[in-house]
Structures are given as structure tokens and as C-alpha cells.
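Trainee: Need a 3D model of the sequence below.
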Amino acid sequence: MATRAEVAKLAGVSEATVSYVITGNRKISIPVQKRVQKAMDKLGYRPNRMAQALAGGKSRVIALLFPTAARGVAHVDLEYGLGAAQAAQDLGYHLVMWPTLDRSVQEVIATAKSGLLDGVILMEVALHDERVEQLKDVGIAVGLIGRTATEFGDEVFADRDFDTAAHTALNYIAGLGHKEVAFLTEKTRGKPVVVAALTRTKQAMKAAGKLYGVNVKNFESTTDPDDGAKLLAPILDEIPKITAVISLNPGAMVGLLQETNSRGISVPGRLSLLSMATPESFVSATSPRLTTISPPAYEMGDSAARRLIAHLEGTGVENLPPQLWAGELVVRETTGPAQA
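Mentor: Sure thing, here's the model as predicted:
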């Protein structure tokens, strides 16, 4: 493998000049640039881009950090990651998917201090998220897929428009004549933190229920489909007149749908089912196919990465994608008019 010294010798310049041509840190005449490039091409020399970036003070690497202990890696997590990765690539950065078993950011901080990371995107964001403060306190740029409480003043984020999503769901369900609705969410008891998305969605569903005259009762489950299946019986027992289930828990919703099939409960005849969290790419795996108002995870990941990189580059945000995404209602086979 050719070395920088060999390139310099063949081009008739110093090694420093070769470095300046590669990094662009100093203006070099066009003829000299061409000689250096010709020498690199002839020798097959490929500069170490990481070393080059570090020499310039930037690694051009960002990390997408998400804790996995609570529910593993969900399908939607990968969509967020793919969107962020493509955006980073478009802008000349690399994105590292960084799963963790807890919410510690000490390893990330050490990596960033070594110069190998320029910034971090956090997922599973809590209203009062200590990770944000810990990273910012040591000067690490932070972007969020989610939001902390408003008093934190987050500027770099992409999140769901929970109010619009809830109003869309209950306006549609109420329009079909449904008045008694179960709202299925992820179990939070025993968890060290509750993600902000859950809190905001519960608040939005409660407000929208009052507006549209729908009685919304919350039920919790783990994300295991088997637990979702077991939840059908208590839902029917506690709300005898129930005609619809709205879910923010995609795993449990799949299990509940399977249980209705096993019991011969007609969907959407006896029960209408609407998911607010199942990725569109996963819907084809459900039978019947779920009606959804799902977050556009790929686009949200893209937006978060573009906003973080704009912050790192010191550029404006006028032409960037939106920060808030409601998701579109896609009516499929699991919703219909309430039975009289």
C-alpha cells in the first residue's frame, strides 16, 4: 500500500503539501493539486478519511442512541435509523446505530471526547431526560427523536404531533359511531422512566375524547403479542359496550388482533381496531390489515439527522423538513361502523 511520503516524492512536493491538497486546509495552486492527484492515482493511494477528519477537528460521524432493555429493537426503530442514516450520507456524514442496555451515556461521552463522534441523536426521550443534560454539559451536540418538557427549550428535534394524531383518530372513530373505546399503551409500571411520547399521547387522547364525545379508557400491556392477546378478555369485561380499540402499542395490537381471530370475534363488525404506531411496512403482515395513523418514522429520522447536522455546520434551518409529524390516516380492513 502506497504511503503519503511516496506520493510526495513522485509529485515532487513535501508531505505537508500532500496533506494540504487532501484536507483543503491551505490554498494550493491548481498545477500542484493536479500533480499530487496524478501521483495518488498512479500509486493507488487512498487517504485515511477518519484521520483526515480528525485532523480537521471533525469526525463527521453521528450516533443514533436508543435503549433496548425495555422492549428490544422494534421494527419502527430501524425505520428511524434508516431515515437518519440516509440523511447523514446525503450530507457527507456517517451514522452509527448505537443500541444500549440502559440509559447510560458515559461510553458515548468518552467516544465523543476522543474525537470520534460529532453529535448524538437520542430516542426514547423522557420529559425530563438526564441524558440530554449530561451530553450538553460536556459540549456534545444533541438531537432528539422526541421532545423533553417545554422548559428545556430543545431546538434540535423531530417528534410526533400528538394532538393532531389523537384528533384524527377520534374524529374518525366518532364519525363511525363508536362511543366506548379502549386505548392500548405500553406498560410503564416498574420502568425507570416514562417516555414523553406516551405521556403526550395519553393527554391528547383524553382531550380529544372529550371533544368528540368518546369515552376512552386506558389499558396497559407489554409489547409481547401474547400479552396483548391476554388483554382482550379484561377489555371486554370492563367495557361491555366497547366497539373499538385504538393502540399505541404495536406488538400488543398484533396479539389482540390474533386473539379476536381465534375467538371468532368479528373485526370490524364487533370490534374496530386502529393502530397509531404500527409501521406501514409491517401492515401487510396483519390479517385483516390494520387501519393506521402511524408516525412516518423514516421521515422523522431524516429530519432529526438533518437538523443535528445543520446545528453542527452552523447553517440555517429554513429549508429543513418539519419538526412535527402527525401521520396520515390510512383506512384498511379493521375499522367500520359501530354496531347498533
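Trainee: Where does pLDDT dip in this protein?
Mentor: Applying pLDDT under 70 to the chain flags the ranges 1, 23-25, 47-57, 69-75, 151-154, 189-192, 340.
Trainee: So for stretch 214-234, first residue to last residue, what's the gap.
Mentor: Taking CA to CA, to the nearest Å, stretch 214-234 runs 20 Å from one end to the other.
Trainee: Now do it: distance to the chain's middle.
Mentor: Here stretch 214-234 is found 24 Å from its chain centre; the criterion is CA atoms, centre = their mean, to the nearest Å.
Trainee: buried residues in it?
Mentor: Neighbour counts over stretch 214-234 (16 or more other CB atoms under 10 Å) mark 214, 216, 219-225, 227-232 as buried. Any C-beta I mention is one placed from the backbone N, CA and C, and that applies to glycine too.
Trainee: And this protein, what are its domain boundaries?
Mentor: For the chain, the structural domains run 4-47, 61-160+297-325, 162-295, going by automatic domain parsing.
Trainee: In helices only, show me the buried residues of stretch 214-234.
Mentor: By the criterion of DSSP state H, membership of the buried residues of stretch 214-234 in helices covers Pro225, Asp227, Gly228, Ala229, Lys230, Leu231, Leu232.
Trainee: I'd like the residues you listed written out as CSV, with distance to Leu116 added.
Mentor: As requested, those are arranged in CSV below (distance: CB to CB, whole Å):
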residue, distance to Leu116
Pro225, 39
Asp227, 40
Gly228, 41
Ala229, 45
Lys230, 45
Leu231, 44
Leu232, 48
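Trainee: from these, which is closest to Gln323?
Mentor: Nearest to Gln323 among those: Gly228, at 31.3 Å, using CB to CB.
Trainee: secondary structure class for Arg26?
Mentor: Three-state call for Arg26 (DSSP: H, G, I helix; E, B strand; the rest coil): coil.
Trainee: check which helix or strand covers the closest residue to it other than its chain neighbours.
Mentor: In this structure, Arg26 finds its nearest non-sequential neighbour in Tyr20, 4.2 Å apart by CB to CB, 6 or more residues apart in numbering. Applying DSSP states H and E as the criterion places Tyr20 in helix 15-23.
Trainee: after that helix, next one along is what?
Mentor: The helix or strand immediately downstream of helix 15-23 is helix 30-43, counting by DSSP H and E.
Trainee: Any idea how far that next one is from the middle of the chain?
Mentor: In this view, helix 30-43 has its centroid 43 Å away from the chain centroid, taken as CA atoms, centre = their mean.
Trainee: Mind listing what's buried along it?
Mentor: Neighbour counts over helix 30-43 (16+ other CB under 10 Å) mark Val32, Gln33, Arg35, Val36, Ala39, Met40, Leu43 as buried.
Trainee: Against Tyr20, how distant is the fifth one?
Mentor: Pointing back at Ala39 there. Between Ala39 and Tyr20 the distance is 14 Å, computed by CB to CB, to the nearest Å.
Trainee: repeat for Ser247
Mentor: On the measure of CB to CB, Ser247 and Tyr20 end up 58 Å apart.
Trainee: Looking at the two, which one has more neighbours?
Mentor: Using other CB atoms under 10 Å as the criterion, Ser247 and Tyr20 rank with Ser247 on top: 27 against 18.
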